[in-house]
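K.L.:
Sequence plus predicted model, see below.
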Amino acid sequence: MELYQYKAMDGDGKVVHGRLEALNTIDLEVRLGRLGLDLVNQKEVKVKGLSLMGRGIKRTDLITFCFHLEQLMEAGVPILEALNDLKDSIENPRMREITSLMIESIQGGKSLSETMRDYPSVFNRVFVSLVRVGEETGRLTQVLRSVIENLKWQDEQAAHMKKLFIYPAFVTLVVSSVFIFLMVYVIPELLKFVKTMGQELPTHTKVLIIVSDLFISYWYLLVLFPLLLGLWVFYNLKRDQEFQLKFDGLLLRVPVIGPILKKMLLSRFANCFAIMYSSGIPVLECMRIGEEVVGNKAVEQAVRAAGRQIAEGAGISQSFASTGLFPPLVLRMLRVGETTGELEKALLNVSYFYTRDVRESVDRLQTMIEPALTILVGLILGWVMISVLGPIYDLITKIKV
C-alpha cells in the first residue's frame, strides 16, 4: 500500500486534510467514501520503511476502542457490524482510518487477529496473541476484558515510569541551573571585593574562584559535552546491539533508580505472562512474547535463557531462579503454584506483588528527592557563603584588634 496525503470534503462541506494508506487513487477515493468524505485532491507521500498509521493513537484510544468493541460483542453484535458501529463513534481520525481498513480486511476473509497484526505500531504482539486465542477458544469478549485491564495497567506503569525519570531529571535541571547561575553571575561579583582585600584566601575560597572561572571560561564545553554524549549514546543504542545490552545492564545497576527500574521491567513481564498464560497461550510462546515486551536487552537476554531451559524440560521456577533477576519470595510463589497446579494464580500474585512494590518504591523515591534537593542546595549555598563571607569576617576581626 501507498501512503497518500489528501484533501477531502465531508457532508457539511467542511474541508478535511489527512493521510491514508491505499492501493491507488481509486482505492483512496473508495476508502474516503466509506468515511463519509469526498476526495478533492491527493499527493503520494514517500515514507522510507515506516508507516505513519499508528502515530497519534494513544493508549486511552485503544482502551476506549476495546471497551466499546467488548460491549457490542457481549450484546451479541457480529464483529463486522460492531466495527462499523464503532467506526462512527471514534473521535481519533487515525483510529477511525485503521478501523475502516480493518473492516475491509475482515470482509476480504481475514480474522480479527490477522487484521490487527497488519498494524504492529497500534496492536502489539501481546494484544494480537490474546485476540487470536480468544477467537480460537470462543472467548473473545473475556479476552478483550483482559486486554482492557492490561492496557489500564500499562497506563499506570507508564505514569510510574515518568515519575521515576522525569521528576529526578527535573530536580537535576533545577539544581544545575541554580549552581550555574551562582557560578557565572553571582560569585564573580562577590569575589571582586574579596580579591581586593589583599590577604591570604582560605582553600575553600580558592576552590570557589577556580570553579567559577571554569564555568565562565569553558561554559560552551559544559553545554556541548552532555549534548554530544547524549547523541553518541543515542546513535550507538540504535546501531550497536552489544552496546545496547551493556547500556541496559548498566541502567539496572544505577543506585536507587536501577532497582526500581528492574522491578518495573519484571512487573511488565510478569503481568503480560500472567494474562497470556491465563488466556491459554502455551508457556514457551508466553516466554518468547515476554522477551519483546520487557524493553531492556539485559532482562530480555535473561528471559530468553530461562525460555531455553523450559524448552529443555526445566520447571518455570527453576528457570527463573537461574536468571538471578527474581527475588526468593517470587520464586517461592512460583514453586508453590507449580506444585499445587495453580500456576495461573501464582503468576497473577507475582504480577500484583511487583505492581504494588513498584508503586511504593516510586512514592518513596519522590519522598526522598525533596529533602535531598533541599540539603544539596543548602550545602551549595553554605559553601558559597563561607567562601565569600569568611575572608570578610577575618578582615573585620583584624581591624578591630
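P.N.:
Structure received.
K.L.:
Okay, and residue 5 sits in which element?
P.N.:
Using DSSP states H and E, the element containing residue 5 is strand 2-9.
K.L.:
same check, this time on residue 36
P.N.:
Per DSSP H and E, there is no helix or strand for residue 36.
K.L.:
count of neighbours near it?
P.N.:
Using other CB atoms under 10 Å, residue 36 has 12 other residues around it. C-beta coordinates here come from the backbone N, C-alpha and C atoms, glycine included.
K.L.:
which residues sit against stretch 133-141?
P.N.:
Outside of stretch 133-141, the residues within contact range by CB atoms under 8 Å, 6 or more residues apart in numbering are 70, 73-74, 111-113, 131, 142-144, 276, 279-281.
K.L.:
Filter these down to the buried ones.
P.N.:
For the contacts of stretch 133-141, a burial check counting by 16 or more other CB atoms under 10 Å picks out 70, 73, 112, 113, 131, 143, 144, 276, 279, 281.
K.L.:
coming back round to it: which one among the contacts of stretch 133-141 gets closest to residue 154?
P.N.:
Ranked by distance to residue 154 (CB to CB), those are led by residue 276 at 14.0 Å.
K.L.:
what helix or strand does that closest one sit in?
P.N.:
With DSSP H and E as the test, residue 276 turns up in helix 257-278.
K.L.:
Mind splitting this structure into its structural domains?
P.N.:
Annotated domains of the chain cover 2-45, 59-123, 257-360 [automatic domain parsing].
K.L.:
Extract the residue ranges of the stretch 101-250 of the chain that are flagged as low pLDDT.
P.N.:
Along the stretch 101-250 of the chain, segments meeting pLDDT under 70 span 193-195, 197-199.
K.L.:
Find the residue at the geometric middle of the chain.
P.N.:
residue 158 (5.7 Å; CA atoms, centre = their mean).
K.L.:
In TSV, list the domains of the chain along with distance to residue 196.
P.N.:
Shown next, in TSV, are the domains of the chain (distance: least, CB to CB, whole Å):
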stretch	distance to residue 196
domain 2-45	67
domain 59-123	62
domain 257-360	46
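K.L.:
Relative to residue 178, which of these is closest?
P.N.:
Among those, domain 257-360 comes nearest to residue 178, with 21.9 Å by CB to CB.
K.L.:
what about the strands in the protein?
P.N.:
Ranges of strands in the chain, per DSSP state E, are 2-9, 15-22, 38-45.
K.L.:
Make a markdown table from these and add mean neighbour count to it.
P.N.:
Converted to a markdown table, the strands of the chain look like this (neighbours: other CB atoms under 10 Å):
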| stretch | mean neighbour count |
| --- | --- |
| strand 2-9 | 17 |
| strand 15-22 | 17 |
| strand 38-45 | 14 |
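K.L.:
now the top helix by length along the chain: mean pLDDT?
P.N.:
Counting by DSSP state H, the longest helix found in the chain is helix 343-400. For helix 343-400, the mean per-residue pLDDT is 77.
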